[in-house]
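Chemist: need the 3D shape of this:
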Amino acid sequence: MYNQIITITFLFAISLSDNLYRLDDHLFFSHEQGRDATAARGIYTLTDLTLIGPKTEIPGLFTPPWYYYLLAIPYGLSRGSPHFASFVQIILMSATAPIIYLLFHKLSVSNHWAFVAGIFTAFSFEFISYTRWLTNVSLAIPISALAFYFLISHCQTKSQKYLALYGILAVAASIFQVVLIFQFVFIWLVLTVLKITKLPQARALVFIAVAAVLVAAPLILFDFRNQHISANAAIDFLNGSSDYPFRFNPTNALSLYLQEFTTIAKRTLFNYHNPILLLTFAALLTFGLAQFAKTAKVRNLLVITATMTLMGLGIALFNIGLTQLYLATGIGLILLFTMAMQALWTNPKTRIAAVILSILWLVSLTKNLQLLDQNRGMFFVTIAEGLNYKDQKAALNFIRNDAAQQEYRLEAFTIPYLKPQGWEYLHQYFFGEGDNKTAKLVYIIIEKNVEQFWRQKWTEELGPTDLILSAKFNDITVEKRILKL
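Modeler: Just a heads-up that it's a prediction; the model follows:
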């Protein structure tokens, strides 16, 4: 037990160090982060106790509000600091490596290989990316890993209490990423058909149902108070009549799923795009899993882990190609990779394959550390690349100092277009007040990749202006203009 505590503490410390590395320089704070921070402020100031959380990809459907209430704690304690909120999230997310260590230990009863699984997790670029993304979906990862821990416990003991805990944690993970519930149900259905899991008894079902009702209660109340907007949105989606309709196309769905699965596999295990190296890595991984499967007593464990890895098939027919919808897939991939390494290393005849696989992983690790140092490759940044808290703070401080005591109007030309919530929140957080929309002095913040056509169009919509000066803060441009009378 003492050795396990030391190992867990070490893995947590390593993971925390990776995830905090250069956070001061690279914290991403865009419109979604501004929206979430504003909602959290409404909660801790008791001015807006919301019943809904962040929106989903389907207009009219929302996640439960519990992420906002959780987020309100660090924001409230720090009086609104995004940096502190991100720090708290990173602490929670850094528990993923220790949880996967415990999970693999339960799978293999090997402290050594469980530690290896924890190391793979701590340095996985996929998990590091989510940890540094201040958003609701990220927290689903450690909760999903914990759910898998109890799923394995149930498969090994057939105890209903572990099945109930699996269901409760699956519901909890869906607070942060709604579609995960379909993926967890998919895992349970597959393993039940294969007679690896048991059907839930009445008591277990009651506990899971109570958890589901508690999670969904605010959404249900919101729906009744707003003309069943969410229920109607779900119906429209299924009927194919919404803005984001469901289209039954199995071929396209499978193609889209495989594309996302491949992307996640690369980012989780081997984040290198050389085709020869990729094929070599995949071939050795497959060979290792084949060696692992030769042991009859662990075959069920391989089936369970493979099912967890393929859990994204539970939503494949929805035809949604968003990486964050498959965020728990990486957990299964880490477990499979560790199984393959264990099988190859423990057999002297295949140990050379394990050595080659280890070298390839180290090559990928080197690239991961470079990307982390340069703040590149984060999937959530998309076309808003280069937007970070440090530069935003510098730009806003410049505006405040340049304006001195004059009243001014603040505008932000953003990517995505016309979503200034992040800038509005930061301006109020730093200075404790809003701007004056009637002032003649105008400061325009222009993010990277805003096309010249839109910059000119939006500037003209302000009315005739004289450009006084322009300043750059890495990828952020600030224009100072005076409205003509």
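Chemist: now do the residue nearest to Ile415 when sequence neighbours are not counted, the pLDDT please.
Modeler: Sequence neighbours aside, Ala384 is the residue nearest to Ile415 in space, at 4.6 Å (criterion: C-beta to C-beta, 6 or more residues apart in numbering). C-beta here means a position set from N, CA and C on the backbone, and glycine is covered the same way. Listed pLDDT for Ala384 reads 72.
Chemist: torsion angles phi and psi at Ala384?
Modeler: As for Ala384, its main-chain torsions (degrees, to the nearest 10) stand at phi -90, psi 30.
Chemist: Pro54 contacts Asn136, doesn't it?
Modeler: Yes - the pair Pro54 / Asn136 is scored as a contact, 5.2 Å apart, by C-beta atoms under 8 Å.
Chemist: excluding chain neighbours, what is closest to Ala204?
Modeler: Spatial nearest neighbour of Ala204, excluding adjacent residues (C-beta to C-beta, 6+ apart): Ala164 at 3.9 Å.
Chemist: element containing that neighbour, please.
Modeler: In this assignment (DSSP states H and E), Ala164 forms part of helix 160-176.
Chemist: CA atoms of that helix as PDB?
Modeler: Listed next in PDB are the C-alpha coordinates belonging to helix 160-176 (Å, rounded to 0.1, in the frame of the first residue of the first chain):
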ATOM      1  CA  GLN A 160     -23.800  -5.400  -8.500                       C
ATOM      2  CA  LYS A 161     -22.400  -2.500  -6.400                       C
ATOM      3  CA  TYR A 162     -19.600  -2.100  -8.900                       C
ATOM      4  CA  LEU A 163     -22.000  -2.100 -11.800                       C
ATOM      5  CA  ALA A 164     -24.100   0.500 -10.000                       C
ATOM      6  CA  LEU A 165     -20.900   2.600  -9.500                       C
ATOM      7  CA  TYR A 166     -20.100   2.200 -13.200                       C
ATOM      8  CA  GLY A 167     -23.500   3.500 -14.100                       C
ATOM      9  CA  ILE A 168     -23.400   6.400 -11.700                       C
ATOM     10  CA  LEU A 169     -20.000   7.500 -12.900                       C
ATOM     11  CA  ALA A 170     -21.100   7.200 -16.500                       C
ATOM     12  CA  VAL A 171     -24.000   9.600 -15.700                       C
ATOM     13  CA  ALA A 172     -21.500  11.900 -14.000                       C
ATOM     14  CA  ALA A 173     -19.200  11.900 -17.000                       C
ATOM     15  CA  SER A 174     -22.200  12.800 -19.200                       C
ATOM     16  CA  ILE A 175     -22.500  16.000 -17.200                       C
ATOM     17  CA  PHE A 176     -19.500  17.300 -19.000                       C
END
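Chemist: counting by contacts, list what that helix packs against.
Modeler: Packed against helix 160-176 by the contact rule (3 or more C-beta pairs under 8 Å, 6 or more residues apart in numbering; DSSP states H and E) you find helix 66-77, helix 140-157, helix 180-193, helix 202-225.
Chemist: let's see 6 Å
Modeler: In terms of contacts (3 or more C-beta pairs under 6 Å, 6 or more residues apart in numbering; DSSP states H and E), helix 160-176 is packed against helix 140-157, helix 180-193, helix 202-225.
Chemist: so which of the ones you listed is nearest Pro348?
Modeler: Nearest to Pro348 among the helices and strands packed on helix 160-176 is helix 140-157 (29.1 Å), distances taken as C-beta to C-beta.
Chemist: hmm, who's touching the closest one?
Modeler: 95-96, 99-100, 103, 106, 130, 162-163, 165-166, 169-170, 172-173, 176-177, 180, 196, 304, 308, 327-328, 331 (C-beta atoms under 6 Å, 6 or more residues apart in numbering).
Chemist: likewise stretch 378-388?
Modeler: His26, Leu27, Phe28, Ser30, Ser129, Trp133, Thr323, Ile415, Glu447, Lys448, Asn449, Asp475.
Chemist: ok, now stretch 96-106?
Modeler: For stretch 96-106, contacts defined as C-beta under 6 Å, 6+ apart pick out 8, 11-12, 15, 114, 117-118, 121-122, 127, 141-142, 145-146, 148-149, 152, 338.
Chemist: swap in 8 Å and give it another go.
Modeler: Contacts with stretch 96-106, where a contact means C-beta atoms under 8 Å, 6 or more residues apart in numbering, come from 4, 7-8, 11-12, 14-15, 110-111, 113-115, 117-119, 121-122, 127, 131, 141-142, 145-146, 148-149, 152-153, 156, 331, 334-335, 338.
Chemist: mark which of those residues are buried, thanks.
Modeler: Buried by 16 or more other C-beta atoms under 10 Å: 7-8, 11-12, 14-15, 113-115, 117-119, 121-122, 127, 131, 141-142, 145-146, 148-149, 152-153, 331, 334-335, 338, out of the contacts of stretch 96-106.
Chemist: with secondary structure added, can I get the contacts of stretch 378-388 in a markdown table?
Modeler: Formatted as a markdown table, those follow (DSSP: H, G, I helix; E, B strand; the rest coil):
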| residue | secondary structure |
| --- | --- |
| His26 | helix |
| Leu27 | coil |
| Phe28 | coil |
| Ser30 | coil |
| Ser129 | helix |
| Trp133 | coil |
| Thr323 | helix |
| Ile415 | coil |
| Glu447 | coil |
| Lys448 | coil |
| Asn449 | coil |
| Asp475 | coil |
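Chemist: now compare these and name the two farthest from each other.
Modeler: Thr323 and Asp475 (22.8 Å).
Chemist: neighbour-wise, which of these two wins?
Modeler: Neighbour comparison, Thr323 and Asp475: the larger count goes to Thr323, with 18 against 15 (by other C-beta atoms under 10 Å).
Chemist: which residues touch that one?
Modeler: Glu260, Thr263, Ile264, Phe379.
Chemist: so what's the third one closest to, chain neighbours aside?
Modeler: In other words, Ile264. Using C-beta to C-beta, 6+ apart, the closest residue to Ile264 is Thr329 (5.1 Å).
Chemist: that neighbour reaches Gly314, doesn't it?
Modeler: No - taking C-beta under 8 Å as the definition, Thr329 is not a contact partner of Gly314, at 10.9 Å.
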